[in-house]
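>>> Quick one, what's the 3D model for this:
(chains A and B)
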2 protein chains.
Amino acid sequence: MNEIVTWTDTQLSRLKELEAGENDLICPCAAMEERNQCFQRIEKRLVKQQQQKLRQFLTVDLKPRLIELEERLTAVLNELGFSRVTTPVIISREALDRMTVDRDHPLSKQVYWLDDKHCLRPMLAPNLYQYMVSLGRLKARPIRFFEIGSCFRKESDGARHNSEFTMLNLVEMGVPMDQRQKRLKQLAKVVADAAGLKEYEFETEESVVYGETLDVVAGSDGIEVASGAMGPHPLDAAWRITDSWVGLGFGLERLVMVAQDSQSIGKWGKSVSWINGIRLNL
Amino acid sequence: MNEIVTWTDTQLSRLKELEAGENDLICPCAAMEERNQCFQRIEKRLVKQQQQKLRQFLTVDLKPRLIELEERLTAVLNELGFSRVTTPVIISREALDRMTVDRDHPLSKQVYWLDDKHCLRPMLAPNLYQYMVSLGRLKARPIRFFEIGSCFRKESDGARHNSEFTMLNLVEMGVPMDQRQKRLKQLAKVVADAAGLKEYEFETEESVVYGETLDVVAGSDGIEVASGAMGPHPLDAAWRITDSWVGLGFGLERLVMVAQDSQSIGKWGKSVSWINGIRLNL
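Numbers count the residues shown, from 1 in each chain, chains lettered A, B, ... in the order given. Okay, the predicted model is just below:
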């Protein structure tokens, strides 16, 4: 009877990053002493395939799906009367405190601090709240705006998280109270469709920051790709906001990952090791 | 004879941020006791004008010039065969050291550190050098790519600097040695034209990081809007790069400011106080 020969962990992870098919993930050798040679043969073939994809990116695709999605969402939301705003990633401790993310909050352990008073935003909401105040001074309603930008959280860089990730948050102020839930779902559908999601569901959830929220869950693994919120909301008081509003936040790398039916998020984000899902150390 | 009545510094700076014309910058009152009332009347009129501009932004323009420029440059450079890449803003001390920005370098005082080993990139170059290594493994030449993204430097937030600002860096590997200068100028012209610059000049300068560089200087004040570099270059050795190449870095907020014939940069950048040149505390 033959011995069962399996790849080493290092070989297996290299094959996975080279997008090996299921066949190549099972070592085909009959004997241990053939394994390394066998691995090199398969790796060489896969590297060639990835180089071909890289050449295709450099000559035909010319931009990553993440950027493509950003541009598409900007166009779609502009079309619906949402204005794009763009705000700094460095925010004050005070702005974060107003989100009730103070030193005792679980999220606070994930915040990157630059000094005692400044950090990298872990979410877009604090800056967008400031825009709600400024734009809310205008009398006309509705007021519609959104931001697409980087947020930062210390993560154990797992399959579902990057420490730098891209959020889309949109806000509509002046939505009639009884139409907020309906409007949230309409807007979630617009974004999900633009991102090319095929299947997704709405879920209601209790959030530490936002109270009750509407979540959008997608893909075969049921990943949360968006969170919705509505006001009047407990956090509004810190900004003296009295409007009725709806807001939605989407993780753009997650949208790309799910639309691509992919299992890992790192390869779709901002990276020096991956470009548009292709491993760079070829 | 009448006394000469002038605005207070606070009044003057408020009038400037409301884009007062030259007329309004001179106090029209004949007596000191009329000044505050007079200021309020003028401020009220200017606030109405800015509110009108804000409504126009929210209903017609729908995106800031900074974002518009980013999209236009992406389209123009894609058209010329440059691929867009997107990399993290958090970089390692080691990557910065390779740019020779070590603890003794003047720029090092402007770097935002997250911990002993990580900082916010003060420039795009370290990550793009890594891309030169990865993409350089492909045999085909030329290899063309660019990034548009935020960089960070501690600044005394003057009229010409934001602590978070947006850079475009482009790289072309495999340019024949004797055509590098010509190619740099071609590419600088493409970007300057896309940004709507009317007058600009090329200047050669000695840079602390890059050795001899080609600068692009524009506007009536002669502001540096771009820096070019070419390789083989002293820094290449740290990355074991032997290609001949050209590279250009543009400051996007500066391009917008100069194209708008504006004197202040903060109003065109990522901000919670300004959107697209319009003051938000109206």
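>>> And stretch A:67-86, what's buried?
For stretch A:67-86, the neighbour count (16 or more other C-beta atoms under 10 Å in any protein chain shown) marks A:67-71, A:73-74, A:77-78, A:82-86 as buried. From N, CA and C alone the C-beta is placed, and that goes for glycine too.
>>> what about the stretch 101-250 of chain A, any weak spots by pLDDT?
For the stretch 101-250 of chain A, applying pLDDT under 70 flags the ranges A:156-161, A:205, A:207-212.
>>> Apply 90 and report the result again.
For the stretch 101-250 of chain A, the stretches flagged by pLDDT under 90 are A:101-109, A:155-162, A:198, A:203-214, A:219-223, A:231, A:233-235, A:237-238.
>>> all strands in it, in order from the N-terminus.
Remark: strands assigned in the stretch 101-250 of chain A by DSSP state E, counting those that start in this stretch are A:118-120, A:143-152, A:164-173, A:200-207, A:211-218, A:223-231, A:245-251.
>>> Between those strands, which one is closest to residue A:21.
Closest to residue A:21 of the strands of the stretch 101-250 of chain A is strand A:223-231 (C-beta to C-beta; 23.2 Å).
>>> From residue A:99, how far out is the closest residue to residue A:226 other than its chain neighbours?
Using C-beta to C-beta, 6 or more residues apart in numbering or on different chains and skipping residues adjacent in sequence, the residue nearest residue A:226 is residue A:216, 3.8 Å away. Noted for residue A:216: a distance of 21 Å to residue A:99, by C-beta to C-beta, to the nearest Å.
>>> So for those two, which sits in the more crowded spot?
residue A:216 (25 against 20; other C-beta atoms under 10 Å in any protein chain shown).
>>> So the more buried one sits against residue A:224, correct?
Yes: the criterion here is C-beta atoms under 8 Å, and residue A:216 meets it with residue A:224 at 7.2 Å.
>>> got the residues of the stretch 101-250 of chain A near chain B?
A:112-114, A:120, A:127, A:130-131, A:134-135, A:137-138, A:140, A:143-145, A:149-150, A:152, A:163-164 (C-beta under 8 Å from any C-beta of the partner chain).
>>> Phi first, then psi, for residue A:138.
With angles defined as degrees, to the nearest 10, residue A:138 sits at phi -70, psi 150.
>>> will you turn the buried residues of stretch A:67-86 into a markdown table that also has pLDDT, distance to chain B and secondary structure?
Listed next are the buried residues of stretch A:67-86 as a markdown table, based on pLDDT from 0 to 100; distance: C-beta to the nearest C-beta, whole Å; DSSP: H, G, I helix; E, B strand; the rest coil:
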| residue | pLDDT | distance to chain B | secondary structure |
| --- | --- | --- | --- |
| A:67 | 98 | 6 | helix |
| A:68 | 97 | 9 | helix |
| A:69 | 98 | 12 | helix |
| A:70 | 98 | 9 | helix |
| A:71 | 98 | 6 | helix |
| A:73 | 98 | 12 | helix |
| A:74 | 98 | 7 | helix |
| A:77 | 98 | 9 | helix |
| A:78 | 98 | 4 | helix |
| A:82 | 98 | 7 | coil |
| A:83 | 98 | 5 | strand |
| A:84 | 98 | 4 | strand |
| A:85 | 98 | 6 | strand |
| A:86 | 97 | 5 | coil |
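>>> And those, which is closest to residue B:5?
residue A:85 (38.8 Å).
>>> That closest one and residue B:67: what is the separation?
For residue A:85, the distance to residue B:67 - C-beta to C-beta - is 9 Å.
>>> same deal with residue A:186?
Applying C-beta to C-beta, the value for residue A:186 to residue B:67 is 24 Å.
>>> Could you pull up the contacting residues of residue A:93?
A:116-119 (C-beta atoms under 8 Å, 6 or more residues apart in numbering or on different chains).
>>> Buried residues of stretch A:219-235, list them for me.
A:219, A:223, A:225-231, A:235.
>>> Put the alpha carbons of that stretch into PDB.
Listed next in PDB are the C-alpha coordinates belonging to stretch A:219-235 (Å, rounded to 0.1, in the frame of the first residue of the first chain):
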ATOM      1  CA  GLY A 219     -22.400  35.600  -0.200                       C
ATOM      2  CA  SER A 220     -22.600  32.000   0.600                       C
ATOM      3  CA  ASP A 221     -20.900  32.600   4.000                       C
ATOM      4  CA  GLY A 222     -23.400  35.300   5.000                       C
ATOM      5  CA  ILE A 223     -20.800  38.100   5.400                       C
ATOM      6  CA  GLU A 224     -22.000  41.500   6.700                       C
ATOM      7  CA  VAL A 225     -21.300  43.900   3.800                       C
ATOM      8  CA  ALA A 226     -23.300  46.900   5.100                       C
ATOM      9  CA  SER A 227     -24.800  48.400   8.200                       C
ATOM     10  CA  GLY A 228     -27.700  50.900   8.200                       C
ATOM     11  CA  ALA A 229     -28.800  53.300  10.800                       C
ATOM     12  CA  MET A 230     -31.500  55.900  11.200                       C
ATOM     13  CA  GLY A 231     -32.200  59.100  13.200                       C
ATOM     14  CA  PRO A 232     -33.300  60.600  15.400                       C
ATOM     15  CA  HIS A 233     -30.700  58.500  17.200                       C
ATOM     16  CA  PRO A 234     -29.100  58.500  20.600                       C
ATOM     17  CA  LEU A 235     -25.800  59.800  19.300                       C
END
